[in-house]
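sequence-free structure coming up:
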């Protein structure tokens, strides 16, 4: 344990983070002990786990830092509001103009009130795909409803 802590301290530079990292290494080692091959160098195995955890944390911090360092949009796109008094016929016509995939997701999530996870299981696709398709479908639906009001 002192060797792992010492290496972690050198890599991260902070004693508190090094202690946390050391605990994560031993927890990961415990969880994946079935992968350890007896007779091999245990210290090297623990160091491999340590450097995997360090690189994983750096990737996470980089993603977080990149997300917050992006410049803000100067000209956000104006989305006109949809009127509160939408007729059923307008709504059904707009739904009818959506693709089958988009309409299915809108009906499952917005009408039937399925969670993203439940809709993903029903459709056999990842939850992230459900979220992105739903976002696109809602945008199209709003455009169709706004267009119907303008005409």
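Nice, I can see it. These numbers were taken from a predicted model, which means no experiment stands behind them.

Give me the next element, helix or strand, following the one helix or strand in the chain whose mean pLDDT sits lowest.
Confidence across the helices and strands of the chain bottoms out at helix 42-69, with a mean of 77, counting by mean pLDDT, DSSP states H and E. Next helix or strand after helix 42-69 toward the C-terminus (DSSP states H and E): helix 88-97.

buried ones in that following helix?
Using 16 or more other CB atoms under 10 Å as the test for burial, helix 88-97 gives 90, 94, 95. Glycine gets a C-beta too; all of them are placed from N, C-alpha and C.

Quick check: closest non-adjacent residue to the second one.
I take that to be residue 94. Leaving aside its sequence neighbours, residue 94 sits nearest to residue 144 (CB to CB, 6 or more residues apart in numbering; 3.8 Å).

The one you found in helix, strand or coil?
helix (DSSP: H, G, I helix; E, B strand; the rest coil).

can you check the one 3 residues further on too?
Using three-state DSSP, the structure places residue 147 in helix.
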